[in-house]
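> fold the following for me, if possible:
(2 chains)
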Amino acid sequence: DTGVSQNPRHKITKRGQNVTFRCDPISEHNRLYWYRQTLGQGPEFLTYFQNEAQLEKSRLLSDRFSAERPKGSFSTLEIQRTEQGDSAMYLCASSLGGGGTDTQYFGPGTRLTVL
Amino acid sequence: AQSVTQLGSHVSVSEGALVLLRCNYSSSVPPYLFWYVQYPNQGLQLLLKYTTGATLVKGINGFEAEFKKSETSFHLTKPSAHMSDAAEYFCAVRGGGGGNKLTFGTGTQLKVEL
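Just a heads-up that it's a prediction; the model follows:
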């Protein structure tokens, strides 16, 4: 069990560029979550997958954001036409769903800075 | 809708003193409750969780929390603070009509002084 991994750890981009982040969950976990955390705030839910199906999306997830989990393993989060307001830490979490004790384990995050 | 309130965005204690971080939640049905800790530039690490059963929950690093339904609270405590406890702590709720996602409080930054 190597834990949840995220790449890259840091990304600096210019406004208007597209960026893509990757999350590799704990190997046997079927649920995968994306959260966004801005400075001084708690993480806010963006979206989650059960296997390859995207089951819930937050209103925070504008049309410029898209997430995929094509084979039910790793996931990508893409932001198109980045804006300065997208600067944040993007956290991925995974869990072994199916019961009340479903516990989410977080990766180290990808810090995005939009100039 | 669920919400979590953490009273005190910054708490400072002396090394060896009691740590008390407050968390209150609102939920229409009993939720599952969690405390996570975050060190600078890192992800969140699970400290402890309450799902069902015993209302006093013990976690890692000597932390514990008590679920009090009548007070809708889930305060985090540690009898004796250590310098290594300095970090940001987040209370979170899951379920209770909110589905599988976690709803977090705004966090409490714990400072431990000599």
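
> in the chain, where is pLDDT below threshold?
This is for chain A. A:1, A:98-101 (pLDDT under 70).

> chain B, not that one
Low-confidence segments of chain B (pLDDT under 70): B:28, B:30, B:96-98.

> mind listing the residues bridging to whichever residue of it sits closest to chain A?
Chain A sits closest to residue B:104 of chain B, with a gap of 3.2 Å, by C-beta to the nearest C-beta. Glycine gets a C-beta too; all of them are placed from N, C-alpha and C. Residue B:104 has these beta-bridge partners by DSSP bridges: residue B:92.

> what separates it from residue B:6, distance-wise?
Per C-beta to C-beta, to the nearest Å, residue B:104 is found 9 Å from residue B:6.

> what residue is smack in the middle of chain A?
With distances taken as C-alpha atoms, centre = their mean, residue A:34 lies nearest the centre of chain A, 3.1 Å away.

> element containing it?
Following DSSP states H and E, one finds residue A:34 within strand A:31-37.

> and that strand, what does it pack onto?
In terms of contacts (3 or more C-beta pairs under 8 Å, 6 or more residues apart in numbering or on different chains; DSSP states H and E), strand A:31-37 is packed against strand A:44-50, strand A:75-79, strand A:88-95.

> buried deepest among the ones you listed, which one?
Comparing the helices and strands packed on strand A:31-37 by mean neighbour count (mean count of other C-beta atoms under 10 Å in any protein chain shown), strand A:88-95 ranks first with a mean of 24.

> for chain A, which residues are neighbours of chain B?
A:4, A:6, A:31, A:33, A:35, A:40-45, A:48, A:55-56, A:58, A:91, A:93, A:95, A:97, A:100-109, A:111 (C-beta under 8 Å from any C-beta of the partner chain).

> just the buried ones from the residues you listed?
Among those, those that count as buried by neighbour count (16 or more other C-beta atoms under 10 Å in any protein chain shown) are A:4, A:6, A:31, A:33, A:35, A:42-45, A:48, A:58, A:91, A:93, A:95, A:97, A:102-109, A:111.

> look up phi and psi at the residue in chain A that chain B sits nearest to.
Using C-beta to the nearest C-beta, the single residue of chain A nearest to chain B is residue A:42, 3.2 Å away. The phi/psi pair for residue A:42 (degrees, to the nearest 10) reads phi -80, psi 160.

> check the gap between it and residue B:18 for me.
Distance of residue A:42 to residue B:18, given as C-beta to C-beta: 24 Å.

> how about the closest residue to residue A:115 other than its chain neighbours, phi and psi?
Take residue A:115 and drop its neighbours on the chain: the residue closest to it by C-beta to C-beta, 6 or more residues apart in numbering or on different chains is residue A:14, 5.3 Å away. Backbone torsions for residue A:14, taken as degrees, to the nearest 10, come to phi -90, psi 150.

> doesn't residue B:84 fall inside a strand?
No. Residue B:84 sits outside any strand when classified using DSSP: H, G, I helix; E, B strand; the rest coil, being helix.

> now it: how far from residue A:111?
For residue B:84 relative to residue A:111 (C-beta to C-beta), the value is 23 Å.
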